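Asks: quick one, what's the 3D model for this:
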Amino acid sequence: MPQIELLDENTIDKIAAGEVVERPASVVKELAENAIDAGATAVTVEIRDGGTTLIRITDNGCGIEKEQIPIAFYRHSTSKIRSVEDLMTISSLGFRGEALSSISSVSQVELITKTPDAFTGSRYIIEGGKEISLEEIGAPNGTTFLVKNLFYNTPARRKFLKTPQTEAGYISDMMERIALSHPEISFKFINNGQIRLHTSGNGQLKDIIYHIYGRDIAANLLEISGEFDEFSVSGYIGKPVISRGNRNFESYFINSRYIKSSLISKAIEDAYHGFMMQHKYPFTVLSLTIDGKLVDVNVHPNKMELRFSNGEQLYTRLAGLISDTLRSRELITDVAVKDEKPVKQKPVYDKKDIPEPFETRRREQLREAVKTAPAAEAADRDARPPETGGSLPEDTLNKIRRYVKQDSPYERKYENRETPKEVSPVPESEPVREEIRYGETAVQTSLSDYDTEQTKLLSREARPKHRIIGQLFETYWLVEFQDKFYMIDQHAAHEKVLYEQTMENYRKKEFTSQMISPPILLSLTMQEEVLLKKHLADFEKLGFEISSFGGKEYTVSAVPGNLYGLNGQTLLLELIDELGSVSERDTPDMVMEKIASMSCKAAVKGNQKLSRPEIEKLIDDLLELENPYFCPHGRPVIISMSKYEIEKKFKRIV
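Replies: Residues are numbered from 1 along each chain as shown. The predicted structure follows:
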C-alpha cells in the first residue's frame, strides 16, 4: 500500500495556484480587485505578450505597510475578514487570502508600495514563492505589482495558454467588466504600449457603455431600476434589436462583483422570451445589491460563482422587472438606410495626455525629496523629542540618489514609443457627446437624449392618425404616421395575435371548438400514441376532441375554432411531433406555450391579399397585446424608417 505523506509547502502552493490562477486574466482580476478594495480611485493595468511576460498594475490606494508585506504573501493571510462569521457579511471583493500566495508561487513578482503617512516606500521581490529582497525605495502613494514570466516554473501549465492575442482578449474583456462594475473608478488598460481602455471615473455608467460598446449599443438602451425586499437592481438593458448570438453581452454584478450565474442568466433570457429569436441573447449591464447574508461568495476560489438563499424570489422579481420594462416601451425596429457600414470608434489619445510611467513620476518625486531633504531633516529634528533623533538614515538617502541616477530601460521604451495624434481624448469632466449633422446644421446630442420617444404607433391616441397606404407584395402593409414610415408583416402580426389569444384563452379556460363531419381518422405510431395520451388534456383545452377508435386509430371530431381553414389533421400531427422535444421538467404552462406557438400556423400567410377592413382589424388586435412588436418566434412584426433616412437616400439631404 502506498505511503500517505504530507505534501511540501511548494507543492501545496502550486496546487492552490491552479485553482486561482488559470491564465493571465486571473492575475489581473485578483490584483485589480485588491486595488479596488484598497480604496483606489485610479487603476492602470499594462500587459505585454498577453500577460505572459509582464503584467503591471498600479493604483493610488492605501498601500501596504512595510512590516505587513511578507505576511500578505502567506497563504490565507487577509485583511478582509477575521473569523468565519465575517463570511456572512463580506463587502470586499477579495477575502480568501490566496491570490498573492498563488500568483507569487508561479511567477516572478515585484511589489512597490507606499502608505500615505510613510516617507519612503518599500520594494519587495518574491520569485516562485521564495522571498528575494525587501528594501526601502522612493515611491508615490499606492501600490504597483509587476508580475513577470507567468508559469515560468510550471511549463506544463504554460503550454496550455492560448496565443498572446487571445490571452490579451480575455484580459481586455475582464477589464471592461470591472470598469462597468465600478464607474466611479478610472481604469486604464494598456496592451503592448497601446491604450485599449480608459474610463474617466465620473460615475456615469452610460458613458462607459458608450466608450466600450459604441454608439449603436448606447442608442438602444433602456434604463432599469427596481427596489424589492430581498434586493435592488439598477442599470441598463438593450432593446431586442441589439441581440447577439452568445452571452458575451450579458453583464451583471452582485454587490459590485462580476459573476456568472445560470439563475440570473435564465431570469434575463426568460424575460426576453418573445422579444427576440431563438438562440439570440440580449445586452444587459445590471448591478444588483443583495444583503450579504443571502449570498454565499465562498463557493469557488476564483469567486466567479455564487449561491443564493433567495434564488426563487430573485429569479421571479428580476425576470418580472425586465419584462415589464420591455413591455412599457415601443420596440419597433428602426431600419437605417446607410451608405457604409458603421465603424466603432474609440478615442485616440495624444501623447501629452498619457500619464508618465510609474518610474518617471517616482524619480521626479525623488529629485524633489533629495533637494528638500536637508530642510526636511532640520524641521523634523527640531520637531522630534531629543531621544528619537531626526535625521533620515544616510543609507536611505544613498539609495534614493542611486535610483534617481538610474536610466530605466522600461522608461526608455515609453519615451521612444510613438503614439497617434489625430484627435484628443474626451475630457473626463464632460459627458460623452456626439455630433450629428442634419444638412448644414450641427446638433449636439448627449447620451440621455436617446431615451426620448414620440407617441407610440400602437396606441389608442395614435390609431386615428394612421394613414394606411397599401399592401406591398401582398405581404407587408405600409403605414404612415407622424414623420415615420412603417411596414407591418401581416403573417407575423396575425401569428402574434393568435398566440396571445390562445394563451389568454388558456388562462381563462375560454376555448371554442368547431365540430367536423366526418371526423378525422388518425393512424399513429407507438411513439405518437404515447405523446398523445400524455398531453391529451392539453389538446382538449385547446378545443380538440379526440377519442380512441381501436388499436392505433384515433378520431378527431372537433378542432379549435380559430384555425381559419387550416388542415386540422396536419396541425395535430405537427403538434404531436413538436411535443416530442418536451422534457419531463417542462411545466404544463411551457407545454401549452409550445402548442400555442404551433397553432400559429393558422395565421394568414405572405402572398395572401387582405382587404383594408381586415388589416384595420388586425391593427386593432395588435393594440390589445402586451408585446405586439415581435412574433412568438422573435421576428419583428413592424419595422420603421424615418423621413430623414428616406430623404437622405434620395440625396435631398447630403
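
Asks: go through the protein and flag its longest strand.
Replies: Counting residues, the longest strand found in the chain (DSSP state E) is strand 513-523.

Asks: list the buried residues for the following helix or strand past that one?
Replies: Note on strand 513-523: by DSSP states H and E, the next helix or strand toward the C-terminus is helix 526-534. Of all the residues in helix 526-534, those buried under the rule 16 or more other CB atoms under 10 Å are 528-529, 531-532. For glycine as for every other residue, the C-beta is placed from the backbone atoms N, C-alpha and C.

Asks: got the angle between helix 526-534 and strand 513-523?
Replies: Orientation check (axes from the mean of the first three to the mean of the last three CA atoms, to 10 degrees): helix 526-534 against strand 513-523 gives 150 degrees.

Asks: which neighbouring elements make contact with helix 526-534?
Replies: Applying 3 or more CB pairs under 8 Å, 6 or more residues apart in numbering; DSSP states H and E, one finds that helix 526-534 contacts helix 568-579.

Asks: hey, C-alpha coordinates of the longest strand of the chain in CSV?
Replies: Provided in CSV are the C-alpha atoms of strand 513-523 (Å, rounded to 0.1, in the frame of the first residue of the first chain):
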residue,chain,number,x,y,z
SER,A,513,-64.4,24.2,-30.8
GLN,A,514,-65.9,23.6,-34.2
MET,A,515,-67.3,20.2,-35.0
ILE,A,516,-66.2,18.5,-38.1
SER,A,517,-68.1,15.8,-40.1
PRO,A,518,-67.0,13.3,-40.9
PRO,A,519,-64.4,13.1,-38.1
ILE,A,520,-60.7,13.0,-38.9
LEU,A,521,-59.2,9.5,-38.7
LEU,A,522,-55.6,9.3,-37.4
SER,A,523,-53.2,6.4,-37.6
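
Asks: among the buried residues of helix 526-534, which pair sits farthest apart?
Replies: Greatest spacing in the buried residues of helix 526-534, by CB to CB: Glu529 and Leu531 (7.4 Å).

Asks: how much space separates Met63 from Asp216?
Replies: If you look again at residue 63, you'll see it is Gly, not Met. Distance, Gly63 to Asp216, by CB to CB, to the nearest Å: 42 Å.

Asks: ok so, going back, just name the closest of the buried residues of helix 526-534 to Ile112, please.
Replies: Using CB to CB, Leu531 is the member of the buried residues of helix 526-534 that sits closest to Ile112, with 68.7 Å.

Asks: please look at the closest one and Ile576 and confirm they touch.
Replies: Yes. Counting by CB atoms under 8 Å, Ile576 is a contact partner of Leu531 at 5.2 Å.

Asks: follow-up on the earlier one: and Gly63 and Asp216? Which one has more around it.
Replies: Looking at Gly63 and Asp216 with other CB atoms under 10 Å, you find the greater number of neighbours at Gly63, namely 26 against 12.

Asks: quick one: that one is in a helix?
Replies: No. Per DSSP: H, G, I helix; E, B strand; the rest coil, Gly63 lies outside any helix segment and is coil.

Asks: list the contacts of it.
Replies: By CB atoms under 8 Å, 6 or more residues apart in numbering, the contact set of Gly63 is 38, 113-116, 118, 121, 141-143.

Asks: for it, give its distance to Phe151.
Replies: Counting by CB to CB, the gap from Gly63 to Phe151 is 28 Å.

Asks: same question for Leu622.
Replies: Distance from Leu622 to Phe151, counting by CB to CB: 59 Å.

Asks: check Leu572 too.
Replies: Plainly put, Leu572 is 61 Å away from Phe151 if you go by CB to CB.

Asks: over to His273?
Replies: Taking CB to CB, one finds His273 at 43 Å from Phe151.

Asks: looking at the two, which is more packed in?
Replies: Phe151 (20 against 15).

Asks: now do the phi/psi pair for the spatially closest residue to Arg123 that is not a sequence neighbour.
Replies: Of all residues not flanking Arg123 in the chain, Ile137 sits nearest, at 4.2 Å (CB to CB, 6 or more residues apart in numbering). The phi/psi pair for Ile137 (degrees, to the nearest 10) reads phi -160, psi 150.

Asks: just use 24 as the starting number from now, easier for me
Replies: Understood, numbering begins at 24; the last thing we discussed is Ile160.

Asks: list the buried residues of the helix or strand that contains Ile492.
Replies: Ile492 is part of strand 490-495, with elements assigned from DSSP H and E. Buried residues in strand 490-495, counted by 16+ other CB under 10 Å: 491, 494.

Asks: next: stretch 268-276.
Replies: Those buried within stretch 268-276 under the rule 16+ other CB under 10 Å are 272-276.

Asks: can you get me the start-to-end distance on stretch 147-156?
Replies: End-to-end distance for stretch 147-156, by CA to CA, to the nearest Å: 6 Å.

Asks: wait, stretch 562-576
Replies: With CA to CA as the measure, stretch 562-576 spans 17 Å from end to end.

Asks: list the buried residues for it?
Replies: Across stretch 562-576, burial judged by 16+ other CB under 10 Å covers 562, 564-567, 569.

Asks: what does stretch 190-203 give?
Replies: For stretch 190-203, by 16+ other CB under 10 Å, it's 190-191, 193-195, 197-203.

Asks: quick one: contacts of it?
Replies: With contacts defined as CB under 8 Å, 6+ apart, stretch 190-203 is touched by 46-48, 51-52, 55-56, 59, 68, 70, 73-75, 184, 208, 210, 212, 214-215, 219-220, 222, 228, 231-232, 235, 271, 274, 276, 281, 308.

Asks: let's see that stretch as CSV, backbone CA atoms only.
Replies: Only the C-alpha atoms of stretch 190-203 are listed here, as CSV (Å, rounded to 0.1, in the frame of the first residue of the first chain):
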residue,chain,number,x,y,z
GLU,A,190,-5.0,35.9,-23.7
ALA,A,191,-4.9,39.7,-24.2
GLY,A,192,-8.6,39.5,-25.3
TYR,A,193,-9.5,37.7,-22.1
ILE,A,194,-7.8,40.4,-20.1
SER,A,195,-9.5,43.2,-22.1
ASP,A,196,-12.9,41.6,-21.5
MET,A,197,-12.2,41.3,-17.8
MET,A,198,-11.1,45.0,-17.6
GLU,A,199,-14.3,46.1,-19.4
ARG,A,200,-16.4,44.1,-16.9
ILE,A,201,-14.6,45.6,-13.9
ALA,A,202,-14.9,49.1,-15.4
LEU,A,203,-18.7,48.6,-15.8
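
Asks: returning to that earlier point: just the buried residues of stretch 268-276: which are in strands?
Replies: Checking these against DSSP E, those in strands are 273-276.

Asks: between the residues you listed, which sits nearest Glu253?
Replies: Each of these was checked against Glu253 using CB to CB; the closest is Tyr275, at 15.6 Å.

Asks: wait, Leu228 sits on Glu207?
Replies: No. With contact defined as CB under 8 Å, Leu228 does not reach Glu207; the gap is 9.7 Å.

Asks: circling back to that earlier point, so what touches the strand holding Ile492?
Replies: Applying CB under 8 Å, 6+ apart, the contact partners of strand 490-495 are 500-504, 510, 513, 632-633, 635, 638-639.

Asks: out of those residues, which two sit at the greatest distance?
Replies: Phe504 and Lys632 (22.9 Å).

Asks: which one of the two has more residues nearby?
Replies: For Phe504 versus Lys632, neighbours defined as other CB under 10 Å are more numerous around Phe504 (19 against 10).

Asks: bridged to the more buried one, which residues?
Replies: For Phe504, the beta-bridge partners under DSSP bridges are Lys507.

Asks: touching, it and Ala485? I think so.
Replies: Yes. In this structure, Phe504 is within contact of Ala485 by CB under 8 Å, at 6.3 Å.

Asks: tell me if Leu337 really is in a helix.
Replies: Yes. According to three-state DSSP, Leu337 belongs to a helix.

Asks: residues in contact with it?
Replies: By CB under 8 Å, 6+ apart, Leu337 lies in contact with 253-254, 286-287, 290, 313, 331.

Asks: in TSV, list the residues you listed along with secondary structure and neighbour count.
Replies: Formatted as TSV, the contacts of Leu337 follow (DSSP: H, G, I helix; E, B strand; the rest coil; neighbours: other CB atoms under 10 Å):
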residue	secondary structure	neighbour count
Glu253	coil	14
Phe254	strand	21
Leu286	helix	15
Ile287	helix	23
Ala290	helix	23
Ile313	strand	19
Phe331	strand	19
